[in-house]
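Peer 1: okay, predicted coordinates and the sequence, questions at the end:
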Amino acid sequence: MPALTPSPVVHLDGRRATADELAPLAFAGHAHFTAMQVRGGRVRGLDLHLARLRNASLELYGRVLPDDLVRAHLRTALAEAPPDVSLTATVHEPVGEFTAADDGGLRVLVRTGPPSDGPAGPLALAVVGYERVLPHLKHVGEVAKTYYLRRAVADGFDDAAFVDRHGRFGEASIWNLAFWDGTSVVWPRAPMLGGTTMGIVRRRLAELGVPQEDRVLTAAELPGLSGAAVLNSWTPGVPVRRIGDTAFRDAPEFLDALHRAFASEPAEAP
């Protein structure tokens, strides 16, 4: 008999959320979150997820929740979940958006659902001129990501990569971008969200002795690179075969380095 797919479960501040509590949040857009893959009840890069929530709360709300409290809410949600799930933890103010009011409180919404490992690839990415508001924060309410994803698919691509007003590549719709120049992993230098998987891979590549470089990349630089990939909480690397008009060769050593780096990160229980 096939394994059952876990249904999404939502907790609010450490208990099952009710429909009345969730209704005001259905289309709310003033919140931030982190997303992770839990395997065997354990998470890689937990410190990066906690730091992301702290930093975003401080910038958006001027205050933070204690790490111990956030971890307790994660544990409560995972206690009711299968060992392998996708999890998002969203922080928001009860007062909601479109108001200058501040009630001083922050709440944590934890959602668990079916695990994901992302697409196998290779992917083709359309080039789109778009700059996210507060690009360094992982916040909600970003209609443009889905809009440009669907436009890209309609044009024969799999997803979209974003360039800013200066033509610099930063990130893709829900992905960080990574490139290979034959010897080094090259990270785009532009305003972007530093993903937790990207943070894991970067620190582990350094320990493995794999060279890395931050470089401003425009469309003109892409033909000089030997490989490309995208990564996010689903996976440390999906090969990219084309970005706009630039095709990339297979670079198995590059993808292997990304996956080896991620796999070398110890996982821990919240």
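Peer 2: Nice, I can see it.

Peer 1: when you work out contacts or count neighbours from here on, use the C-alpha atoms and nothing else.
Peer 2: Fine.

Peer 1: was I right to think I200 contacts E265?
Peer 2: Yes: applying CA atoms under 8 Å as the test, I200 and E265 come out as touching, 7.0 Å apart.

Peer 1: now do the shared contacts for the two.
Peer 2: 44-45 (CA atoms under 8 Å, 6 or more residues apart in numbering).

Peer 1: in three-state terms, label the closest residue to R16 other than its chain neighbours for me.
Peer 2: Distances taken as CA to CA, 6 or more residues apart in numbering put V10 closest to R16, at 6.1 Å, once the chain neighbours are dropped. With DSSP: H, G, I helix; E, B strand; the rest coil as the basis, V10 sits in strand.

Peer 1: which helix or strand in this structure has the lowest average pLDDT?
Peer 2: Every helix and strand of the chain was ranked by mean pLDDT, DSSP states H and E. The lowest is helix 19-22, at a mean of 82.

Peer 1: put the alpha carbons of it into CSV.
Peer 2: What follows is helix 19-22 as a C-alpha-only set of coordinates in CSV (Å, rounded to 0.1, in the frame of the first residue of the first chain):
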residue,chain,number,x,y,z
ALA,A,19,-10.6,28.7,11.0
ASP,A,20,-11.6,31.9,12.8
GLU,A,21,-7.9,32.6,13.6
LEU,A,22,-6.8,31.9,10.0
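
Peer 1: doesn't R204 belong to a helix?
Peer 2: Yes: assessed by three-state DSSP, R204 belongs to a helix.

Peer 1: excluding chain neighbours, what is closest to it?
Peer 2: Nearest non-adjacent residue to R204, counting by CA to CA, 6+ apart: A261, 5.0 Å away.

Peer 1: L60 should be in a helix, yeah?
Peer 2: Yes: assessed with three-state DSSP, L60 lies in a helix.

Peer 1: so what's the residue count around it?
Peer 2: Here the number of neighbours of L60 (other CA atoms under 10 Å) works out to 16.

Peer 1: so which residues of the stretch 151-270 of the chain form strands?
Peer 2: 159-163, 169-172, 176-180, 185-188, 212-215, 227-232, 235-243, 246-247, 267-268 (DSSP state E, counting those that start in this stretch).

Peer 1: how far away is T88 from R249?
Peer 2: In this view, T88 and R249 are 34 Å apart by CA to CA, to the nearest Å.

Peer 1: my bad, V95
Peer 2: Distance, V95 to R249, using CA to CA: 51 Å.

Peer 1: the two: which has the busier surroundings?
Peer 2: V95 (16 against 13).

Peer 1: how much space between the more buried one and I174?
Peer 2: Applying CA to CA to V95 and I174 gives a distance of 28 Å.

Peer 1: much appreciated, bye for now.
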